[in-house]
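*Asks:* A predicted structure for the sequence below; I have some questions about it.
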Amino acid sequence: FDAHPLHRPLYGRHVLVTAGPTHEPIDPVRYIANRSSGKQGFAIAEAAAVAGARVTLVAGPVHLPTPPGVDRIDVETAREMEEAVNQTLPVDVAVMVAAVADWHVTRQAGQKIKKEGGGIAPLELAENPDILAGLGASVQKPRLLIGFAAETHDVVHYAQGKRQRKGADWIIANDVSGDVMGGNHNTVHVVTADGVEDWERMDKERVATRLVERISNALSH
Ligand code: CTP
Ligand code: CA
């Protein structure tokens, strides 16, 4: 590999990435989830590793290969993701790309719920922990804390609110009004304390390498 610091700008840094959905079980065969392919988060983990970082990737249920040189922790639920994140701290940078389910079912059935006999009772839901906001309020808050926000409308407006509410340094606002979900391209806006950068539509690998460049620059200043 290339040890030159210009080519390994994240050498010596520990980067945490969350990716994919979480699955919140209803019974042994059914779950609640957000749509997420995991592609963008995995691409960021890979780009950070190429840039020389030690990378821990906390992945929800996705069918994607582990990028070379990345330590992967597989989880299913938001509460498992939170635990894996907390066990990985401290880190220099956290990039929270996961589409965490907002709720879990309070009383998970131990056996498959059958349709006959009236079907399913109304599901009681409870809110999941906000992992990003937890890091934002933590004494172990990473030097650079980055969230993602998939929005279908008022993309930048909502992202600015989330940046402040969750204590994140940057929010990468992701316009999912088109065909992004599961696709290979992304249109993002980088929302920071200094304002908003609109990036042109590009493939997810390019979003990842540009974001890693942006992270490397921020850490070197
Ligand atoms: N996030 C998280 N834990 C949660 C929910 C969200 O860590 N329980 C993180 C996501 O990984 C992402 C950011 O918060 O980096 C924004 O997620 P989003 O779902 O857009 O935010 P919410 O506050 O859940 O708002 P919404 O009502 O739009 O879903
Ligand atoms: Ca949400």
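*Replies:* Looks like it arrived, so ask away. Ligands and ions are numbered 1, 2, ... in the order given.
*Asks:* Kindly list the single helix or strand of this protein that scores lowest on mean pLDDT.
*Replies:* Scoring the helices and strands of the chain by mean pLDDT, DSSP states H and E places strand 185-186 at the bottom, with a mean of 91.
*Asks:* continuing past that one, what's the next helix or strand?
*Replies:* strand 188-192 (DSSP states H and E).
*Asks:* So what touches that following strand?
*Replies:* Strand 188-192 has contacts (CB atoms under 8 Å, 6 or more residues apart in numbering) with 155-156, 159-160, 163, 169-175, 196-199, 207, 211, 214. All C-beta spots, glycine's among them, are computed from the backbone N, C-alpha and C.
*Asks:* which other helices and strands contact the longest strand anywhere in the chain?
*Replies:* Taking DSSP state E as the criterion, the chain has its longest strand at strand 144-151. Applying 3 or more CB pairs under 8 Å, 6 or more residues apart in numbering; DSSP states H and E, we find strand 144-151 packed against strand 93-96, helix 131-136, helix 155-166, strand 170-175, helix 204-219.
*Asks:* and the second one, anywhere near ligand 1?
*Replies:* Yes - Helix 131-136 lies within reach of ligand 1 by CB under 6 Å from any ligand atom, at 131-132.
*Asks:* just the shortest one next, same as before
*Replies:* Yes - contact check for strand 93-96 against ligand 1, using CB under 6 Å from any ligand atom: residues in range are M96.
*Asks:* and the next helix or strand after that strand, what's its mean pLDDT?
*Replies:* Downstream of strand 93-96, the next assigned helix or strand under DSSP H and E is strand 103-105. The predicted model assigns strand 103-105 a mean pLDDT of 98.
*Asks:* Check which helices and strands strand 103-105 sits against.
*Replies:* By 3+ CB pairs under 8 Å, 6+ apart, strand 103-105 packs against strand 23-27, strand 30-33, strand 125-127.
*Asks:* Return the residues in contact with the closest residue to R143 other than its chain neighbours.
*Replies:* Spatially, and ignoring its direct neighbours in sequence, R143 is nearest to D92 (5.3 Å; CB to CB, 6 or more residues apart in numbering). Taking CB under 8 Å, 6+ apart, we find D92 in contact with 13-15, 142-144, 219.
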